[in-house]
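Enquirer: sequence and computational prediction follow.
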Amino acid sequence: MLLGAAPGVGKTFTMLEEGRRLRDEGRDVVVAVVETHGRAATAALVDGLEVVPRRIERHRGVDLDDMDLDAVLVRRPDVALVDELAHTNAPGGAHEKRWQDVEALLAAGIDVVSTVNVQHMQSLGDVVREITGAVQRETVPDAVVRAADQIEVVDLSPEALRERLAEGLVYPADRVDAALSNYFRLGNLTALREIALLWLADEVDDALRRYRAEHGIEHRWEARERVLVALTGGQEGETLLRRGARIAARSSGGELAAVHVTTNDGLRERYPGALGKQRTLLEQLGGTYHQVVGDDVPATLVRFARSIDATQIVVGASRRSRLVAALTGPGIGATVIRESGDIDVHVVTHERAGGGSRLPRLGGSLSRSRVLSAFGLALVAGPLLTWLLSFTGDPDAITVDVLAYQLLVLVVALVGGMLPAVFAAVLSGLSLDYFFVQPLHQVTVQQPWHLVALVMYVVSAVLVSFVVDRSARRSRTARRAAAESGLLMGIAGSVLRGDDALQALVDRTREAFGYAGVRVRQGDAVPATSGTFGEGPDATTGLPSGAVLEFAGAPDDPTQRRLLRVVEQQIDAAVEHRELTRTAVDAERIAAADRVRSAILAAVGHDVRRPIAAASAAVQTLRASDIRLSDTDREALLATADESLRQLAVLLGDLLDVSRVQAGVLAVAPVALPLETVVAPALDELELGPDDVDLDLPTDLPPVLADPGLLQRVVVNLLANAVRHSPTGASVRVAASAFGDGVELRVADHGPGIPAALRADVFQPFQRLGDTDNDTGLGLGLALARGFTEGMGGTIEADDTPGGGLTMVVRLPIAEHVGVETP
């Protein structure tokens, strides 16, 4: 199967070349049907190949030819070349569609080489229509194309395809202008090319998955590298990003991403600006940045890696020393390696790896693991200390014994807080009394002061643990504030980089808090949404602006609610900003209307004064009794007055029309009418003949829905501009063609044209763009043309004329497509 992005890329040519290659290899090859479309190079390749004669069917008085399926089945070749898979067969055949004929050939054991354009894929019809405006009536089920043993994209750059089209290698010369101005626009071709390549890439992925399923291969094959770099906010991040970029670059199409996991406790950032610099570097390397929230950093990192189908994870070597690692357990890197499964993990060393021998300050909050560690320390260190002190055996060393146990209690308090400290104090007091106070090996209190000492022992442990708890709470608050600031900075960064503020906030909120879906609802409108929703939202929050924030798959994490409220306030501010922006746009429209009114008043004071002055002077001269005028002079003065008044009527009519357009009160009475009923009167009005205008209006052109008077004014204005700017002796081309659900009328000249940067300005009122004489009017022609066209439900735009010049393209809806019957 040969897949192309658009007509003219060379599918049929490639199919015939493949047929010749197979024939030269000894295969029995026939041409079942081929459409050369008058292309000499394509037709030349048919010579030397056996062609099965086509069947002829007479339909409504017209002879139609098509592929003769029965003849091909009788001939029974090894390979049949069948062009245009999406073609609708002529009546009288066995099947309605040509792809059904191909299925019959395949069922008979005949191999088929065929062609199809991406716009004919059934699943892509809506997408293609949105891009090109053309409705595809001939489609092929995707399953038919996917069933091919081999699919090959016949690729050609959009620029090269437009050059081929302009040279007449794709369509006849009379169709080139229409094709370049419509379907074969550079943007359309680029989008169609991308769709074709992506469709084939998806098909390759599906084929790979099917192969793995058929062969029982459960582990993943990394056909495309997706490298995820874990950033902690430390200065080693730049090293990790560059290493990740090199890994991604080794594979064609490799993707780079980075993630920063923010815990509820926050991550200590020794270098606050490092993460921002790393994000800038990541963007320069072509990667994407993500920030997520999770208490378990390794699990969160691995879960995010699986969510984006990462094939490799890059983490930095631990900054802890071996001693610290042995005492506190495996670090993030080791845990990620254990939990990553089939995802490769790169542990990258850096200059700060293993950089300290001291115990690191543990997290700001006294976590459960920390408290349990303190209990374990008391249970292990207490008996060990008792065993060591028992070797002294000196009753006078009781002071050393007490201080040793006191030191143990303080260490336990520093590690685990109050409960482990009290436990260690009681355990130490009992051990001291049992092993070192007479009588030995008995727990007795002979003096009341001993009991007071034990209580003071416990109180001192409580006081120390209280200080530790208080410090931990403050540290927790500070670290969480840092984490929240980092998250909010990431959200704000998306907005500051030019993203849509509301959509960026919604995207970042879903990603950071782990929701399945987040959206903003204003009544029935949803101005921003991210993720997926099931039957409905799991949670909703009303915003002061009146909008509603909805969540799907909401995680029940009370520790995140305060930060979420801050984000909700930002979303509410973004909603209000959007409303204010809309209000500002409305105000700008009002200001623009005021500027037009001011320009109209200026025009009345300048351009309108000239014809009035000329007519007044002519009339005063005619009425003067002291001036003797000949018949010739009198006729000239009357002609001057008549011409001036006519110009004045036209100017006043244009001013009134542009005022109606700007005010939105243009009266439009659309009816179904053939274009020729408007173009012919416009030519007569301007007194243009065959030497001035090259007219190309197909006889089978469908009627358009338009107001006859307004459309004639549009055509007159466009023709007048084209004639004025055309070189002497050059004719203006007026052509029309049906395209999708509309008809396009093109008025093309070969004048100097208009730079692309100024094309939007030509449709503004009182724009002359270089015309300095006062005989060209007020500069309202194109402004009125656009206002009239849009008032009739159409569009107008400026485009280049092949070979130089300007082409004005007016697109109007076909009458039958909007439910208007043709009279």
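Expert: It's in. As the structure is a prediction and not an experimental result, all values here were calculated from the model.

Enquirer: residue 317 and residue 337 touch, don't they?
Expert: No: the pair residue 317 / residue 337 is not scored as a contact, 11.8 Å apart, by Cβ atoms under 8 Å. Every residue, glycine included, has its C-beta placed from N, CA and C.

Enquirer: overlap in contacts, these two.
Expert: residue 347 (Cβ atoms under 8 Å, 6 or more residues apart in numbering).

Enquirer: okay, now residue 381: neighbour count?
Expert: Neighbourhood size, residue 381 [other Cβ atoms under 10 Å]: 16.

Enquirer: actually, residue 158.
Expert: Count around residue 158 with other Cβ under 10 Å applied: 20.

Enquirer: got it, and residue 574?
Expert: Residue 574 has 23 neighbours, counted by other Cβ under 10 Å.

Enquirer: residue ranges with poor pLDDT in the stretch 401-550 of the chain?
Expert: 437-438, 442-451, 453-454, 457, 472-473, 476-500 (pLDDT under 70).

Enquirer: do the same with the stretch 201-350 of the chain
Expert: The low-confidence ranges in the stretch 201-350 of the chain, as defined by pLDDT under 70, are 205-224, 252-253, 263-273, 319-330.

Enquirer: all helices of it, in order?
Expert: For the stretch 201-350 of the chain, the helices defined by DSSP state H, counting those that start in this stretch cover 237-249, 274-284, 297-307, 322-328, 332-339.

Enquirer: next, format those as JSON lines and append distance to residue 66 and mean neighbour count.
Expert: Listed next are these as JSON lines, based on distance: least, Cβ to Cβ, whole Å; neighbours: other Cβ atoms under 10 Å:
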{"stretch": "helix 237-249", "distance to residue 66": "51", "mean neighbour count": "20"}
{"stretch": "helix 274-284", "distance to residue 66": "56", "mean neighbour count": "17"}
{"stretch": "helix 297-307", "distance to residue 66": "51", "mean neighbour count": "19"}
{"stretch": "helix 322-328", "distance to residue 66": "77", "mean neighbour count": "13"}
{"stretch": "helix 332-339", "distance to residue 66": "62", "mean neighbour count": "17"}
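
Enquirer: TSV for those, including distance to residue 378?
Expert: As requested, the helices of the stretch 201-350 of the chain are arranged in TSV below (distance: least, Cβ to Cβ, whole Å):
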stretch	distance to residue 378
helix 237-249	39
helix 274-284	39
helix 297-307	28
helix 322-328	16
helix 332-339	27
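
Enquirer: nearest to residue 678, out of those helices?
Expert: Minimum separation from residue 678 across the helices of the stretch 201-350 of the chain (Cβ to Cβ) falls at helix 274-284, 53.3 Å.

Enquirer: check what pLDDT residue 638 gets.
Expert: pLDDT recorded at residue 638 is 86.

Enquirer: one more: the one 5 residues further on?
Expert: Residue 643 carries a pLDDT score of 79 in this model.

Enquirer: against residue 306, how distant is it?
Expert: According to Cβ to Cβ, to the nearest Å, residue 643 and residue 306 sit 81 Å apart.

Enquirer: and what of residue 166?
Expert: Distance from residue 166 to residue 306, by Cβ to Cβ: 50 Å.

Enquirer: cool, residue 623 as well?
Expert: Counting by Cβ to Cβ, the gap from residue 623 to residue 306 is 95 Å.

Enquirer: ditto for residue 95
Expert: Taken as Cβ to Cβ, the span from residue 95 to residue 306 is 46 Å.

Enquirer: next: residue 43.
Expert: Distance, residue 43 to residue 306, by Cβ to Cβ: 55 Å.

Enquirer: I'd guessed residue 176 sits against residue 168; true?
Expert: Yes: under the criterion of Cβ under 8 Å, residue 176 makes contact with residue 168 at 6.5 Å.

Enquirer: which one's more surrounded, the two?
Expert: Using other Cβ under 10 Å as the criterion, residue 176 and residue 168 rank with residue 176 on top: 19 against 14.

Enquirer: can you pull the contacts of the more buried one?
Expert: Here residue 176 is in contact with 165, 166, 168, 802 (Cβ under 8 Å, 6+ apart).

Enquirer: ok, how many other residues are close to the last one?
Expert: Which is residue 802. 16.

Enquirer: now do it, the pLDDT please.
Expert: Looking at residue 802, its pLDDT is 74.

Enquirer: how about it: what's its closest non-neighbour residue?
Expert: Closest residue to residue 802 apart from its sequence neighbours, by Cβ to Cβ, 6 or more residues apart in numbering: residue 166 at 5.5 Å.

Enquirer: can you give me the distance of that neighbour to residue 296?
Expert: Per Cβ to Cβ, residue 166 is found 61 Å from residue 296.

Enquirer: and the two? which has more neighbours close in?
Expert: Comparing residue 166 with residue 296 by other Cβ under 10 Å, the one with more neighbours is residue 166, at 17 against 14.

Enquirer: let me see the contact set for the more buried one.
Expert: Going by Cβ under 8 Å, 6+ apart, the list of residues near residue 166 reads 176, 180, 802.

Enquirer: right, and residue 306 touches residue 339 too?
Expert: No: judged on Cβ under 8 Å, residue 306 makes no contact with residue 339 at a distance of 10.2 Å.

Enquirer: just for the stretch 601-750 of the chain, where's the confidence low?
Expert: Using pLDDT under 70, the flagged stretches of the stretch 601-750 of the chain are 601-610, 647, 650-668.

Enquirer: can you show me the strands along it?
Expert: Counting by DSSP state E, counting those that start in this stretch, the stretch 601-750 of the chain has strands at residues 671-673, 693-696, 704-706, 732-739, 742-748.

Enquirer: other residues contacting stretch 704-712?
Expert: Identification of contacts with stretch 704-712 by Cβ under 8 Å, 6+ apart yields 666, 668-675, 677-678, 681-682, 685, 742-743, 788, 791-794, 812-815, 818, 820.

Enquirer: and residue 230, how close does it get to residue 516?
Expert: Distance, residue 230 to residue 516, using Cβ to Cβ: 23 Å.

Enquirer: over to residue 734?
Expert: On the measure of Cβ to Cβ, residue 734 and residue 516 end up 56 Å apart.

Enquirer: again, but for residue 310
Expert: The value you get for residue 310 to residue 516, if Cβ to Cβ is used, is 20 Å.

Enquirer: go on, residue 299?
Expert: For residue 299 relative to residue 516 (Cβ to Cβ), the value is 18 Å.

Enquirer: could you do residue 161 as well?
Expert: Distance from residue 161 to residue 516, by Cβ to Cβ: 43 Å.

Enquirer: give me the more crowded residue out of these two.
Expert: Counted by other Cβ under 10 Å, residue 161 and residue 516 do not tie: residue 161 has more neighbours, with 24 against 16.

Enquirer: who touches that one in this structure?
Expert: Each residue near residue 161 by Cβ under 8 Å, 6+ apart is listed here: 6, 8, 9, 170, 184, 189.

Enquirer: closest to residue 156 among the residues you listed?
Expert: Ranked by distance to residue 156 (Cβ to Cβ), these are led by residue 9 at 4.2 Å.

Enquirer: return the residues in contact with the nearest residue in space to the closest one that is not next to it in sequence.
Expert: Nearest residue to residue 9, sequence neighbours excluded (Cβ to Cβ, 6+ apart): residue 156, at 4.2 Å. For residue 156, the contacting residues are 5, 8, 9, 10, 164, by Cβ under 8 Å, 6+ apart.
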